[in-house]
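Engineer: Next one to model:
(chains A and B)
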There are 2 protein chains.
Amino acid sequence: MTRSDTDTDAARPAAPGDAAEPAEQDEQTRTRLLRAAITVFDRKGYTAASVREIVEMAGVTKPALYYHFGSKERLLAAVLEQAAREFTRTMDRVVSRPGTARERLLALAIDLNGLFQQNVPVVRVAHAAFFGPVEGTPPFDFTIFDREMERAVRRIVEEGQAAGEVAATAAPSDVALVVMGIVGVFNMRQLHYGVNQVDPGALQRLVGLAFDGAFGPQRQQGEPRS
Amino acid sequence: MTRSDTDTDAARPAAPGDAAEPAEQDEQTRTRLLRAAITVFDRKGYTAASVREIVEMAGVTKPALYYHFGSKERLLAAVLEQAAREFTRTMDRVVSRPGTARERLLALAIDLNGLFQQNVPVVRVAHAAFFGPVEGTPPFDFTIFDREMERAVRRIVEEGQAAGEVAATAAPSDVALVVMGIVGVFNMRQLHYGVNQVDPGALQRLVGLAFDGAFGPQRQQGEPRS
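Structural biologist: From the prediction side, this is the model:
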């Protein structure tokens, strides 16, 4: 889903002399269509987006779109499934990292913010589909992002509790919701105000708040926060 | 914006014998149009929603819609402005409540969740407009919800700091973001899973986490959390 890890020239029409194998060509066609669909859905909105515009931008034929995806609705679902796979991969990578629970949760928040920044168009397309009319909702389970993030945070919190770093009384699912809220508000604010207007140290401070609390009676006023 | 505080019969067509004064009739017409617009925008999506369908549901004429709002785009903006006014009123009410910072922030979270539950259709319409294509974005400043909530939380935190309840080292704007994140994730999860599947005690526990932290080195394992 990120643009840096794949061929930046994938949107050009296939040249007659291309030497790619059929399976590889299929993969290139799918990639081109998914990428064009994100751009057109984001620019026009799903309802107003036309199949013609998507295939023209992808440099493929209409039958190729129908062969690979079946319909505009299935193409949107495929865009969301691709985004969900990358989200899951990011969560898997974060969970496998060593470190304290605090370090691992901050890394999770930073990586998710990076994933967001690299994929703003598809984030907008996914949210527009989620909040849009029921009639236009693709066959896709939107709770996967929520469930994958909760799974990752719960695991880090439970391992932190086993290591004695995290209070045994903190419910891992509650900590998961707080971290999800922090990442969500941080990312959405970047969508509101633009990336550069967000204080780059804010994410670290916010995760620190979830760790330490703002109101703990144990903390003396003026005591350093982290 | 809530449905309980206004005439539940407002969607019926105006009867010829209605004795309402002109100004009152105007207000009723506006209310009917706003309410019908929320329903149709939510059901069909803004792009697919037709002015004809909205005026039919409102029981008014097309010229009445254009007289009061000018265009479908301005009607959407008016829906959002009305939602923003109710949001601001809720924030004003919450800020004026007495109590400790902890009590007041929990009350803010509960009231915002109540506002959300009473207004799910307009929440969906507002988010669909925010995440939708730039071409369809109405002339409306979406940051108002964010700014109003931040203003309210900051004020409560600053008063809590002045009263010695809140650590002086906690930046009010950071606490605001954490509380906004908690309310956001809690509300959005209700949209995902349905209102009844959300643990009703969760909001209190989540705000408690923001107060006390999950990881504070000062807290002993097994020590009560609140």
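
Engineer: which residues touch residue A:176?
Structural biologist: Taking Cβ atoms under 8 Å, 6 or more residues apart in numbering or on different chains, we find residue A:176 in contact with A:149, A:150, A:153, A:154, A:157. Where C-beta positions appear, they are placed from N, C-alpha and C, glycine not excepted.

Engineer: State the helix or strand in which it lies.
Structural biologist: Per DSSP states H and E, residue A:176 falls inside helix A:172-193.

Engineer: relative orientation of that helix and helix B:172-193 in degrees?
Structural biologist: When axes from the mean of the first three to the mean of the last three Cα atoms, to 10 degrees is applied, the directions of helix A:172-193 and helix B:172-193 differ by 110 degrees.

Engineer: still on that earlier bit, against chain B, which of the contacts of residue A:176 make the cut? List them.
Structural biologist: Under the cut-off given by Cβ under 8 Å from any Cβ of the partner chain, chain B has residue A:157 from the contacts of residue A:176 close to it.

Engineer: JSON lines for the contacts of residue A:176, including pLDDT, distance to residue A:169 and neighbour count?
Structural biologist: Putting those into JSON lines (pLDDT from 0 to 100; distance: Cβ to Cβ, whole Å; neighbours: other Cβ atoms under 10 Å in any protein chain shown) gives the following:
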{"residue": "A:149", "pLDDT": "92", "distance to residue A:169": "22", "neighbour count": "24"}
{"residue": "A:150", "pLDDT": "91", "distance to residue A:169": "19", "neighbour count": "20"}
{"residue": "A:153", "pLDDT": "93", "distance to residue A:169": "17", "neighbour count": "27"}
{"residue": "A:154", "pLDDT": "93", "distance to residue A:169": "15", "neighbour count": "17"}
{"residue": "A:157", "pLDDT": "91", "distance to residue A:169": "12", "neighbour count": "26"}
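
Engineer: out of the contacts of residue A:176, who's nearest chain B?
Structural biologist: residue A:157 (7.4 Å; Cβ to the nearest Cβ).

Engineer: That closest one reaches residue A:172, doesn't it?
Structural biologist: Yes. Shown here, residue A:157 and residue A:172 form a contact pair, counting by Cβ atoms under 8 Å, at 4.0 Å.

Engineer: Can you give me the neighbour number for residue A:103?
Structural biologist: By the criterion of other Cβ atoms under 10 Å in any protein chain shown, residue A:103 has 14 neighbours.

Engineer: What is the subsequent helix or strand relative to the helix or strand hosting it?
Structural biologist: For residue A:103, the host element (DSSP H and E) is helix A:101-118. Using DSSP H and E, the helix or strand that directly follows helix A:101-118 along the chain is helix A:120-131.

Engineer: ok, is that next one in contact with chain B or not?
Structural biologist: Yes. Residues of helix A:120-131 contacting chain B under Cβ under 8 Å from any Cβ: A:124, A:127, A:128, A:130, A:131.

Engineer: how about the nearest residue to residue A:26, chain neighbours excluded?
Structural biologist: residue A:68 (7.3 Å; Cβ to Cβ, 6 or more residues apart in numbering or on different chains).

Engineer: can you tell me the helix or strand for that neighbour?
Structural biologist: helix A:62-69.

Engineer: now what about that helix, what contacts it?
Structural biologist: Contacts for helix A:62-69 (Cβ under 8 Å, 6+ apart): A:26, A:29, A:30, A:33, A:51, A:52, A:54, A:55, A:58, A:75, A:78.

Engineer: what pLDDT, on average, does it get?
Structural biologist: Across helix A:62-69, pLDDT averages out at 96.

Engineer: before we move on, what about stretch A:28-41?
Structural biologist: 96.

Engineer: on that earlier part again, could you measure the residue nearest to residue A:26 against residue A:44, distance?
Structural biologist: Counting by Cβ to Cβ, to the nearest Å, the gap from residue A:68 to residue A:44 is 21 Å.

Engineer: Please apply the same query to residue A:70.
Structural biologist: As judged by Cβ to Cβ, residue A:70 and residue A:44 stand 20 Å apart.

Engineer: Check residue A:188 too.
Structural biologist: Distance from residue A:188 to residue A:44, counting by Cβ to Cβ: 22 Å.

Engineer: How about residue A:112?
Structural biologist: Applying Cβ to Cβ to residue A:112 and residue A:44 gives a distance of 28 Å.

Engineer: And those two? Which one has more around it.
Structural biologist: Between residue A:112 and residue A:44, residue A:112 has the larger neighbour count (other Cβ under 10 Å), namely 25 against 19.

Engineer: can you pull the contacts of that one?
Structural biologist: By Cβ under 8 Å, 6+ apart, the residues touching residue A:112 are A:90, A:149, A:183, A:187.

Engineer: switch the cut-off to 10 Å
Structural biologist: Neighbour list for residue A:112: A:87, A:90-91, A:94, A:145, A:149, A:152, A:179-180, A:182-184, A:186-187, A:203 [criterion: Cβ atoms under 10 Å, 6 or more residues apart in numbering or on different chains].

Engineer: for residue A:94, same thing?
Structural biologist: Here residue A:94 is in contact with A:104-105, A:107-112, A:149, A:152-153, A:155-156 (criterion: Cβ under 10 Å, 6+ apart).

Engineer: can you count the residues close to the residue nearest to it when sequence neighbours are not counted?
Structural biologist: With Cβ to Cβ, 6+ apart as the criterion, residue A:94 has its nearest non-adjacent residue at 4.5 Å, and that residue is residue A:108. Neighbours of residue A:108 under the rule other Cβ under 10 Å: 23.

Engineer: Tell me who's in contact with residue A:108.
Structural biologist: Contacts of residue A:108 by Cβ under 10 Å, 6+ apart are A:90-91, A:93-95, A:97, A:149, A:152-153, A:156, A:179, A:183, A:207.

Engineer: farthest pair in these?
Structural biologist: A:93 and A:207 (17.8 Å; Cβ to Cβ).

Engineer: isn't residue A:78 right up against residue A:125?
Structural biologist: No. With contact defined as Cβ atoms under 10 Å, residue A:78 does not count as touching residue A:125 (11.8 Å).

Engineer: Pick out whichever of those two has more residues nearby.
Structural biologist: Legend: neighbour count by other Cβ under 10 Å for residue A:78 and residue A:125, higher for residue A:125 (28 against 19).

Engineer: Surely the more buried one and residue A:75 touch.
Structural biologist: No. Using Cβ under 10 Å as the test, residue A:125 is too far from residue A:75 to be in contact (11.1 Å).

Engineer: Show me the shaky parts of chain A.
Structural biologist: Residue ranges of chain A with pLDDT under 70: A:1-20, A:135-136, A:193-198, A:200, A:214-226.

Engineer: re earlier: and the residues of helix A:120-131 next to chain B, which is closest to residue B:38?
Structural biologist: With Cβ to Cβ as the yardstick, the closest approach to residue B:38 among the residues of helix A:120-131 next to chain B comes from residue A:131, at 13.4 Å.

Engineer: Could you report the separation of the closest one from residue A:46?
Structural biologist: Residue A:131 is 12 Å from residue A:46, by Cβ to Cβ.

Engineer: what touches both of these two?
Structural biologist: Residues within reach of residue A:131 and of residue A:46 at once, by Cβ under 10 Å, 6+ apart, are A:137, B:45, B:132.

Engineer: No more questions from me, cheers.
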